[in-house]
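> how would this look folded up:
(chains A and B)
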Amino acid sequence: MPEKTIITMENLSKTYKGSTEPALDSICIRIPEKEIFGLLGPNGAGKTTTIHILCGLLQPTSGEATIDGLNVNRHLVQIRRIIGVVPQEIALYPTLTAWETLQFIGNMYGLKGMALRQRIEECLDMLGLLKFAGRKIKTYSGGMKRRINLIAGILHKPRILFLDEPTVGIDVQSRTVILDYLKELNKSGTTVIYTSHYLEEAENFCTQIAILDYGRIIAEGRPRELIANKPEYSDLESIFLHLTGRHLRDN
Amino acid sequence: MFRLLASIRKELLLLVRDRAGLAILFLMPMVLILVMTLIQDVSFRKLDETRLSILFLDEDRDSLGITVRKGLEESGFFQAITAIDGTPLTEEKVFQQVAQGNYQIGIVIRKEMSEIIRIRARQLIRRALSEGDSTMLSAIHKAQDSARIILYFDPVIKSSFKQSIRNALENFTTRIEAKITFQVFAEELSAFLPEGRQLLLEHRNGVNFEEIYATNQYNEIVPNSVQHNVPAWTVFAMFFIVIPLTGNLIKERESGTALRLRVMPGSYIHVLSSKILVYLVVGLIQFLLMMLVGITILPMFGLPALDPGPQKLALIILAASTAIAATGYGVMLGTIATTQEQAASFGSVSVVILAAIGGVWVPVFMMPGIMQMLSRISPLNWGLEGFYDVFLRGGGMVEVLPYVALLLGFFIITMSIAFFYNKFKAVSY
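Numbering: from 1, shown residues only, chains lettered A, B, ... in the order given. Take a look at the predicted model:
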């Protein structure tokens, strides 16, 4: 039985103030529940803009987006309770310890007491950070910071998790830990929306992908199906380069 | 409420771990109060506490020279230097020393000045008694032209200070002229009296001055440098919380934590409220520390102790209003500024400007008309005037309430600007 659609985007467009070119140009996407959905594309393709609109950080110029049937412009309060966001930046306070950071974030989601304590311990343990919980985040390595950045987004057990390049700039070990943990989360029912420039990672990690370029969807489907439909290309990266071209996107 | 408490805890932790920020918030204002009060104390000091060395060459060696020197030294502000390294002064030496900046003022009282005054007085009286004589008149003018005190000034001396020196000397010379005139008048009139009798005339000031501070009748606070300077620099320092506060807001934006906060449940007002509350407490602690400096540390440097007076509640409410106005200003700047450098430089310069037009350095009544009008729009002026009401004029709650209302109004306006700017930016993004 197919999973229900949890995210819909209907003719979603966004043109930034002062720009003549749209960052998003009438995109339509439906994301079923419990998928790991990859938004892929070169720089400036519109991936982060899409995530920001879905999280209520940006207003679309036109079109509509819903999460679990709730319109992102009108029901932001309810939506914020069921989503988790892991931004591209290490969006944490460097002078706070990991424990203090997670305690604050948990409190902001209404978690407290023993339940919060247990949840923090569980997350830190799963991502190998429990013994560093009392250290200030500014003393962490890049990989450790990425992992704590992830925990900050999943502490409240969101139904939908948005990840904006969660594995950028880290070592293989940290990347493996993060991706394995995300797969576990997905198995337990969390829908994951993920952007990345690592196409090999996306090919193995995502259950569905959409390739964006110049604000438009140029390919969509399951990675294996996309590769199977283009037998002249052996992997997702070859297809990606074929679709988006080799020219630089320094805009 | 729970989210607000969590945010407050987070803000406190961030503040406590920012050592540079803590120094700006607590240490710098205390040092500022100490240094500025000590420096500015000179204009409020009583006699004999400080003396400016003045080169004094008395070629007259008569009544005028003696009276001027005595008058200068008795004023308590000056010390007359008559020799350098054991060598008596000459007019050329006086000029050189002042020109080199070794001394700021040199006074030369030319030879026979006292005698010239006497001659002039005598001739004036004789002219009056003989009902006009043109030869006598020209002799009077000649005597007046040659009667001269030469003043050498270092160019760095402010014109107001130069003028006050001149006024003091004019005062001494007028006194001695009057005294000599009376003496001569008595001598001349004695010639008309029977043999053996003398006219006794004495010159005394007919007008006496009594200084009374126009304050609340129950006020027992004595105005002094500490009572003036501590509130002024306290208000100034309290407004400097805009620097760490704007830094805090911009850091959150740059690091992405502001974005994380915006996708969390709960209003962004929780986040801002926690900052406002924490910085309000910081402002009150700053105020208390600066009061403590005034009460305990300034006396160690020979200054009078700060007298906070009996109106403690009025003081605390005024301090809280000042802190909250400064916080609103910081939130507004932190919202509008795009970089930390921009916020820090604009924040500090704007506070200095608001302090200047608000009367922290120069009293408002001494400013030009346009600046006096501008001072009314400075929140630092509202805070300062409120504190002066309590610290100097013996005012209480009723007197400070208008200033409290203005400061709270400023907070509401700045917060509204920040709120709408944020909203506008999010929509137009």
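
> Specify the local secondary structure of residue B:30.
Three states are possible here, and by DSSP: H, G, I helix; E, B strand; the rest coil the one that applies to residue B:30 is helix.

> I'd assumed residue B:293 was in contact with it.
Yes - using CB atoms under 8 Å as the test, residue B:30 is close enough to residue B:293 to be in contact (5.1 Å). C-beta: built from backbone N, CA, C; applies to glycine.

> For these two, indicate the residue with more neighbours.
Neighbours were tallied for residue B:30 and for residue B:293 using other CB atoms under 10 Å in any protein chain shown; the higher tally belongs to residue B:293 (22 against 17).

> Help me confirm that the more buried one is found in a helix?
Yes - with three-state DSSP as the criterion, residue B:293 is located in a helix.

> Near residue 185, how many other residues are there?
In the absence of a named chain, chain A is used. One way to gauge burial is a neighbour count; for residue A:185, by other CB under 10 Å, it gives 20.

> I was after chain B.
The number of residues packed near residue B:185 is 18, by other CB under 10 Å.

> Spatially nearest residue to it, not counting backbone neighbours?
Distances taken as CB to CB, 6 or more residues apart in numbering or on different chains place residue B:125 nearest to residue B:185, at 5.6 Å, with adjacent residues excluded.

> So which residues on the stretch 1-150 of chain B come close to chain A?
Taking CB under 8 Å from any CB of the partner chain as the test, the list of the stretch 1-150 of chain B residues beside chain A reads B:2-3, B:5-7, B:9-10, B:13-14, B:17-18.

> Go through those and name the one nearest residue A:208.
Relative to residue A:208, the closest of the residues of the stretch 1-150 of chain B next to chain A is residue B:3; by CB to CB it sits at 35.3 Å.

> Which strand or helix spans that closest one?
Using DSSP states H and E, residue B:3 maps to helix B:2-16.

> need the next SSE after that helix, C-terminal direction.
With elements assigned by DSSP H and E, the helix or strand that comes after helix B:2-16 is helix B:19-22.

> From the chain's centre, how far out is stretch B:301-311? Work that out for me.
Put simply, stretch B:301-311 sits 17 Å off its chain's centre (CA atoms, centre = their mean, to the nearest Å).

> Surely the residue nearest to residue B:185 is in a strand?
No - the assignment for residue B:125 by three-state DSSP gives helix, which leaves it out of any strand.

> give the contact list for it.
When contacts are counted by CB atoms under 8 Å, 6 or more residues apart in numbering or on different chains, residue B:125 touches B:181, B:184-185, B:188.

> Which ones among those residues map onto helices?
Applying DSSP state H to the contacts of residue B:125, the entries found in helices are B:181, B:184-185, B:188.

> filter these to the buried ones?
B:181, B:184-185, B:188 (16 or more other CB atoms under 10 Å in any protein chain shown).

> for the chain, what spans make up the strands?
Defaulting to chain A. Across chain A, reading from the start of the chain, the strands by DSSP state E fall at A:5-14, A:24-32, A:36-40, A:62-67, A:70-71, A:83-86, A:160-164, A:191-196, A:208-213, A:216-221.

> sorry, should have said chain B
When secondary structure is read from DSSP E, chain B shows strands at B:52-58, B:78-81, B:83-84, B:87-88, B:105-109, B:149-153.

> Which residues of the stretch 151-251 of chain A lie near chain B?
By the rule CB under 8 Å from any CB, the part of the stretch 151-251 of chain A lying against chain B is residue A:152.

> nearest to residue B:272, of the strands of chain A?
Relative to residue B:272, the nearest member of these by CB to CB is strand A:83-86, separated by 20.2 Å.

> circling back to that earlier point, please tabulate the strands of chain A in JSON lines, including the columns distance to residue A:98.
JSON lines is the format used below for the strands of chain A (distance: least, CB to CB, whole Å):
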{"stretch": "strand A:5-14", "distance to residue A:98": "30"}
{"stretch": "strand A:24-32", "distance to residue A:98": "31"}
{"stretch": "strand A:36-40", "distance to residue A:98": "26"}
{"stretch": "strand A:62-67", "distance to residue A:98": "29"}
{"stretch": "strand A:70-71", "distance to residue A:98": "32"}
{"stretch": "strand A:83-86", "distance to residue A:98": "15"}
{"stretch": "strand A:160-164", "distance to residue A:98": "19"}
{"stretch": "strand A:191-196", "distance to residue A:98": "23"}
{"stretch": "strand A:208-213", "distance to residue A:98": "32"}
{"stretch": "strand A:216-221", "distance to residue A:98": "38"}
